[in-house]
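**Q** Just the structure for this:
(one chain, ligands or ions: 1)
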Amino acid sequence: MHNAHFDLVIDRRNTNSIKWDCMNQYLGLDGTDLLPMWVSDFDFACPDAVKAALQRRVEHGVFGYSERRDDYFEAVQQWFTRRHRVTIKREWIQSIEGVIPGISLLLQMLTRPGDGVVIQGPCYGSFAKIIGLNERRLLDNPLRREGTRYEMDLRHLEQLFIREQPAVMILCNPHNPTGRAWEQAELHALAVLCQQHKVTLISDEIWADLQLNGHQHCSVLTLPDHLLSHLVVATSASKSFGLSSLRISNFILPDANLRQRFKQRLDAHGLDVFNALSMEAATAAYREGDVWLDDLLVYLSDNRRWFAAQLAHRIPALTLMDADATYLAWIDCSALGLSDDELKCHMIEHASIVPSMGISFGEAGSGFIRLNLGCPRQYLEQAISGLAHLMIEHAV
Ligand SMILES: Cc1ncc(COP(=O)(O)O)c(C=O)c1O
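**A** Down below sits the predicted model:
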């Protein structure tokens, strides 16, 4: 389905965009003629209401120290009630500039160097990065592949808990890179296991708003009260509304003790002042962004359907994995019989696209690529042509 707002191609080059302007710095690539499909931010303009709120605040011209006020908290709380059927108490909300900085602080708060932290691979690379840089040990509970879908392996997880006695597990819901959104029964079983083994579960729900085809997000916050004391939820308007560089996220901590310790960590780092523009943007997005987001979800669902059909028809050697949510396409390229380095070269030289390489999501990602479908349809057409060209070259 066409939508003038999302179909519009906006030139992002020369805006300091990591995805468009920093391929050389991050990947050693001259990206001039390449289509970047790696970093997970989308290429759409944010809602007009957000732009207007930012413009009003910029026009004011004074940017002294700022704090969140009632309208900010109410916007977050009401968003969760409206969109995710979750009731959040105001005092549960702590804010920090990003989800990754917040998770990193939690790791420092809840574990010591050398302790294990559980993730489920293939897994968003920054989790492994902050676990490693904080000198914690990464413990993998690999997701089980069932055809074109992924499942959690709770039996393996229990063994891991018994053997390693970790204090923390990071859950990604919906899951980057696979796009799997976890269901109530799975989350319940996971939370029970965590409670039994005294593991604090950090549920990264940054992708929660981006559900495809009318799918409903299920937050761990919908679990019964007695399971909430071991849970922390990370969330942000950044993925949903394209505000990643504005840097504000919310950590929801139902347990008073965890909350007080987290607040102390924030204060210890001087993280008790908030960016005036970020707050305006997030408040406007949560208050006025419903219709815009609903339209976006239609566009993203349609993008994915179109891309899947084209891939199946024109490039059947590549297998797209099922996704309930996100704009990420997790694609199994192993039938090409290439090493990860060769796959990368082929994508760049023959398909002229820059993917995220699956191997950067851990061993389970070997042979995969992740493509960002959060872009105008025109870019997807370019990507499909590139992949079809790669197949011709590969067959030669
Ligand atoms: C699962 C997940 N968590 C966190 C982030 C980054 O969050 P932030 O920019 O708020 O640190 C991303 C970005 O792609 C992500 O996919």
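**Q** Output stretch 108-126 as CSV, nothing but the C-alphas.
**A** Output in CSV follows, covering the C-alpha atoms of stretch 108-126 (Å, rounded to 0.1, in the frame of the first residue of the first chain):
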residue,chain,number,x,y,z
GLN,A,108,27.5,-3.2,37.0
MET,A,109,24.8,-3.0,39.7
LEU,A,110,23.8,-6.6,39.8
THR,A,111,26.9,-8.5,38.9
ARG,A,112,30.7,-8.5,39.5
PRO,A,113,33.6,-8.9,37.0
GLY,A,114,33.8,-12.5,35.9
ASP,A,115,30.1,-13.2,36.6
GLY,A,116,28.0,-14.8,33.8
VAL,A,117,25.2,-12.9,32.0
VAL,A,118,22.7,-14.9,29.9
ILE,A,119,21.6,-13.9,26.4
GLN,A,120,19.8,-15.8,23.7
GLY,A,121,21.7,-16.0,20.4
PRO,A,122,21.6,-15.0,17.7
CYS,A,123,21.6,-11.8,19.6
TYR,A,124,21.9,-8.0,19.2
GLY,A,125,25.6,-7.3,19.2
SER,A,126,25.6,-4.5,21.8
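**Q** How about the contacts made by Arg56?
**A** Glu280 (Cβ atoms under 8 Å, 6 or more residues apart in numbering). Every residue, glycine included, has its C-beta placed from N, CA and C.
**Q** So what does it have for phi and psi?
**A** With angles defined as degrees, to the nearest 10, Arg56 sits at phi -60, psi -40.
**Q** for Asn372, same thing?
**A** Dihedral pair for Asn372: phi -90, psi 110, per degrees, to the nearest 10.
**Q** Excluding chain neighbours, give the residue nearest to it in space.
**A** Setting aside the residues directly before and after it, Asn372 is nearest to Met37 in space (Cβ to Cβ, 6 or more residues apart in numbering), at 4.7 Å.
**Q** Please apply the same query to Ile384.
**A** Leaving aside its chain neighbours, Ile384 sits nearest to Gln310 (4.6 Å; criterion: Cβ to Cβ, 6+ apart).
**Q** how distant is stretch 220-239 from the center of its chain?
**A** Centre-to-centre, stretch 220-239 and its host chain are 16 Å apart (Cα atoms, centre = their mean, to the nearest Å).
**Q** How about stretch 182-199 and the ligand, any contact?
**A** No: Stretch 182-199 does not reach the ligand (Cβ under 6 Å from any ligand atom); its nearest approach is 12.9 Å.
**Q** Pull the distance from that stretch to the chain's centre.
**A** Centroid displacement of stretch 182-199 relative to its chain, using Cα atoms, centre = their mean, is 21 Å.
**Q** what residues does that stretch touch?
**A** By Cβ under 8 Å, 6+ apart, stretch 182-199 touches 118, 152, 154, 157-158, 161-162, 165-169, 171, 173-175, 200-201, 218, 220, 222-223, 227, 229-231.
**Q** Take these and, keeping just the buried ones, write it as a ChimeraX select command.
**A** Selection of buried members from the contacts of stretch 182-199 for ChimeraX, criterion 16 or more other Cβ atoms under 10 Å:
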select :118,152,157,161,166,167,168,169,171,173,174,175,200,201,218,220,223,227,230,231
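**Q** Can you list which of the contacts of stretch 182-199 are found in strands?
**A** 118, 168-169, 171, 200-201, 231 (DSSP state E).
**Q** how about the residues you listed in JSON lines, adding distance to Leu106?
**A** Shown next, in JSON lines, are these (distance: Cβ to Cβ, whole Å):
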{"residue": "Val118", "distance to Leu106": "13"}
{"residue": "Val168", "distance to Leu106": "7"}
{"residue": "Met169", "distance to Leu106": "11"}
{"residue": "Leu171", "distance to Leu106": "13"}
{"residue": "Thr200", "distance to Leu106": "8"}
{"residue": "Leu201", "distance to Leu106": "11"}
{"residue": "Leu231", "distance to Leu106": "12"}
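**Q** The host helix or strand of the residue nearest to Ile384 packs against which elements?
**A** Secondary structure assignment for Gln310, by DSSP states H and E: helix 290-314. Judged by 3 or more Cβ pairs under 8 Å, 6 or more residues apart in numbering; DSSP states H and E, helix 290-314 is in contact with helix 4-7, helix 238-241, strand 319-320, strand 328-332, helix 377-395.
**Q** which residues touch the last one?
**A** Under the criterion Cβ under 8 Å, 6+ apart, residues 2, 7, 9, 35, 37, 43, 303, 306-307, 310-311, 314-315, 317-318, 336, 346-347, 350-353, 371, 373 lie in contact with helix 377-395.
**Q** restrict the residues you listed to those near the ligand?
**A** Near the ligand, taking Cβ under 6 Å from any ligand atom as the test, no member of these is found.
**Q** Show me which of those are buried.
**A** Buried residues within the contacts of helix 377-395, counting neighbours by 16+ other Cβ under 10 Å: 35, 37, 43, 303, 306-307, 310-311, 315, 317-318, 346-347, 350-353, 371, 373.
**Q** Number of residues surrounding whatever residue of the stretch 51-200 of the chain ends up closest to the ligand?
**A** Distances between the stretch 51-200 of the chain and the ligand by Cβ to the nearest ligand atom are smallest at Gly98, namely 3.0 Å. Applying other Cβ atoms under 10 Å, we find 17 residues neighbouring Gly98.
**Q** got the contact list for it?
**A** Per Cβ under 8 Å, 6+ apart, neighbours of Gly98: 236, 238, 247, 249.
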